[in-house]
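Q: Sequence below, structure please.
(2 chains)
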There are 2 protein chains.
Amino acid sequence: MYGKDLQILIQHLAKLPGLGPRSGRRAALHLLKNRETLMRPLIKALGLVEEHIRSCRVCGNYDTIDPCQLCTDPSRDHHLVCVVESVADLWALERAACFRGRYHVLGGTLSALEGTQPEDLKIPQLLERLQQTGAQEVILALNATVDGQTTAHYLVDRLEEAGVKVTALAHGVPIGGELDYLDDGTLSAALRARRNLVI
Amino acid sequence: MYGKDLQILIQHLAKLPGLGPRSGRRAALHLLKNRETLMRPLIKALGLVEEHIRSCRVCGNYDTIDPCQLCTDPSRDHHLVCVVESVADLWALERAACFRGRYHVLGGTLSALEGTQPEDLKIPQLLERLQQTGAQEVILALNATVDGQTTAHYLVDRLEEAGVKVTALAHGVPIGGELDYLDDGTLSAALRARRNLVI
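A: Below is the predicted model:
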């Protein structure tokens, strides 16, 4: 009912995360309906990104310059390295605007199931980088999942050998969260890590 | 935290139906991670569609040829014209593979709220087309919404003047549907249109 070109476009759009065959078709129609305002600008933007955006050789972030603007920003503390699983996590921390150090993107987690070894991640690069730059503290900002925590344990062992201070994000009640809706694991972690209010 | 190019790409991706700022970022990262297998093929497919796919001047479907393959298919009955609101609806009917006539895409519905007049839709073109091709039946396959049904009423008046037989999709219980979960409007429509099983 539609040409081969359109069919191929729908197939590719359907592969984007959050889209499927049905929403791929909707996206294709939306693009055709908005040729000037969306389709052409999107083609241009994709082309520019494809051509210019590279993975930063130091931290793994995506940027037009390599090393990226975060790694070259002199106002950021290079003695403080925050280890994250993915660029998406790095962006999340940057949006929170609460961290002024440098990052290191692992590119995944260790996983026995998927057979991911330390060499498949940027772990050797992390150890080498710490040695070269003389970082004082490594903050593990890994996801609170089984694989994320396995990776954290492994990193703690390796970083202890290297003699660096290692910290991790706190577990606890999310801001705005209601206790009644929290899972048992989070609640007991929050209880164990309770703070002394009157000193 | 990322370059301007990437920011613009995320903004455009976020405008696709079903995506927002968060899923736009996820889509951009997914594309960057799959440069060879997804990003380049997508750019190519978008370029081909932008260049080759046009709106059919007869029915309004999208295709590489104009008139489209549905309008030029001699095996399809041109005495039977199915009127739909959008190309998405045309594709839905084609997927059901139950109709072997021709289509006419209105490009929307009449709407007092949005100020959509008959001239804003392909209604004059429909009347002219029916006169030229001598169609015998027009099937109104408009959405069962207020605007869809307003448009259907208007079309019935205009098509009666033109002396064409006008039919509409049946309302009733969807195949696989459970009565308990159906809305009152559908149930009463199905009851009013009940079929005689023993003749």
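Q: Go ahead and name everything in contact with the strand or helix carrying A:Leu127.
A: Taking DSSP states H and E as the criterion, A:Leu127 maps to helix A:123-133. Residues outside helix A:123-133 that contact it (CB atoms under 8 Å, 6 or more residues apart in numbering or on different chains): A:58, A:78-79, A:81, A:83, A:104, A:106, A:118, A:135, A:138, A:154-155, A:158-159, A:162, A:164. All C-beta spots, glycine's among them, are computed from the backbone N, C-alpha and C.
Q: Show me these that map onto strands.
A: Among those, DSSP state E puts A:His78, A:His79, A:Val81, A:Val83, A:His104, A:Val138 in strands.
Q: Would you list the buried entries among these?
A: In terms of neighbour count (16 or more other CB atoms under 10 Å in any protein chain shown), the buried residues within the ones in strands among the contacts of helix A:123-133 are A:His78, A:Val81, A:Val83, A:His104, A:Val138.
Q: farthest-separated two in these?
A: Based on CB to CB, the longest span within these runs between A:His78 and A:Val83 and measures 14.1 Å.
Q: Look at A:Ser188 and tell me its secondary structure.
A: Following DSSP: H, G, I helix; E, B strand; the rest coil, we place A:Ser188 in the helix state.
Q: how near is it to A:Val173?
A: Counting by CB to CB, to the nearest Å, the gap from A:Ser188 to A:Val173 is 11 Å.
Q: Then A:Ala162?
A: 33 Å.
Q: burial count for A:Arg57?
A: Residues lying near A:Arg57 (other CB atoms under 10 Å in any protein chain shown) number 11.
Q: Quick one: residues contacting it.
A: A:Asp66, A:Pro67.
Q: Also A:Ser86?
A: Per CB under 8 Å, 6+ apart, neighbours of A:Ser86: A:Val105, A:Leu106, A:Gly107, A:Gly108, B:Leu29.
Q: Verify the assumption that the last one is located in a helix.
A: Going back to what we said before, that points to B:Leu29. Yes. Assessed with three-state DSSP, B:Leu29 lies in a helix.
Q: Do I have it right that it meets A:Val87?
A: Yes. Between B:Leu29 and A:Val87 there is a contact under CB atoms under 8 Å: 5.8 Å.
Q: shared neighbours of these two, which are they?
A: A:Tyr62.
Q: So which of these two has more stuff around it?
A: Between B:Leu29 and A:Val87, A:Val87 has the larger neighbour count (other CB under 10 Å), namely 25 against 19.
Q: So the more buried one is in contact with B:His30, correct?
A: No. If you go by CB under 8 Å, A:Val87 and B:His30 don't touch, sitting 10.8 Å apart.
Q: Quick one: list the elements packing against the top helix by length along chain A.
A: Longest helix of chain A, by residue count under DSSP state H: helix A:146-162. When contacts are defined as 3 or more CB pairs under 8 Å, 6 or more residues apart in numbering or on different chains; DSSP states H and E, helix A:146-162 sits against helix A:123-133, strand A:137-140, strand A:165-168.
Q: Need the ones you listed in TSV (columns: mean pLDDT).
A: Below are those laid out as TSV (pLDDT from 0 to 100):
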stretch	mean pLDDT
helix A:123-133	92
strand A:137-140	94
strand A:165-168	93
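Q: Most tightly packed of those?
A: strand A:137-140 (a mean of 20; mean count of other CB atoms under 10 Å in any protein chain shown).
Q: Strand A:77-84 and the helix holding A:Leu127, what's the angle between them?
A: 170 degrees (axes from the mean of the first three to the mean of the last three CA atoms, to 10 degrees).
Q: got the angle for helix A:123-133 vs helix A:146-162?
A: 40 degrees.
Q: distance between helix A:123-133 and the chain's centre?
A: Centre-to-centre, helix A:123-133 and its host chain are 19 Å apart (CA atoms, centre = their mean, to the nearest Å).
Q: same check, this time on stretch A:114-131
A: 15 Å.
Q: got it, and stretch A:159-179?
A: With CA atoms, centre = their mean, you get 16 Å for stretch A:159-179.
Q: and what of stretch A:61-80?
A: So, by CA atoms, centre = their mean, the centroid of stretch A:61-80 is 15 Å from its chain's centroid.
Q: now do stretch A:136-156
A: Counting by CA atoms, centre = their mean, stretch A:136-156 comes out at 13 Å from the chain centroid.
Q: Tell me the buried residues in that stretch?
A: By 16+ other CB under 10 Å, the buried positions in stretch A:136-156 come out as A:Val138, A:Ile139, A:Leu140, A:Ala141, A:Leu142, A:Asn143, A:Asp147, A:Gly148, A:Thr151, A:Ala152, A:Leu155.
Q: same thing with stretch A:16-24?
A: A:Leu16, A:Leu19, A:Ser23, A:Gly24.
Q: In JSON lines: those, plus secondary structure.
A: Listed next are those as JSON lines, based on three-state DSSP:
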{"residue": "A:Leu16", "secondary structure": "coil"}
{"residue": "A:Leu19", "secondary structure": "coil"}
{"residue": "A:Ser23", "secondary structure": "helix"}
{"residue": "A:Gly24", "secondary structure": "helix"}
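Q: These also near chain B: which ones?
A: A:Leu16, A:Leu19, A:Ser23 (CB under 8 Å from any CB of the partner chain).
Q: Count the neighbours of the closest residue to the first one other than its chain neighbours for me.
A: By the measure of CB to CB, 6 or more residues apart in numbering or on different chains, the closest residue to A:Leu16 outside its immediate chain neighbours is B:Ala27, 4.6 Å from it. Look at B:Ala27: counted by other CB under 10 Å, it has 23 neighbours.
Q: export the worst-scoring helix or strand of chain A on mean pLDDT as CSV, just CAs?
A: Sorted by mean pLDDT, DSSP states H and E, the helices and strands of chain A end with helix A:184-192, the least confident at a mean of 88. The C-alpha trace of helix A:184-192 is given here as CSV (Å, rounded to 0.1, in the frame of the first residue of the first chain):
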residue,chain,number,x,y,z
ASP,A,184,11.2,-3.1,51.5
GLY,A,185,14.8,-2.9,50.3
THR,A,186,14.8,0.9,50.0
LEU,A,187,13.1,1.3,53.4
SER,A,188,15.6,-1.0,55.2
ALA,A,189,18.5,0.7,53.5
ALA,A,190,17.2,4.1,54.6
LEU,A,191,16.8,2.8,58.1
ARG,A,192,20.3,1.4,58.3
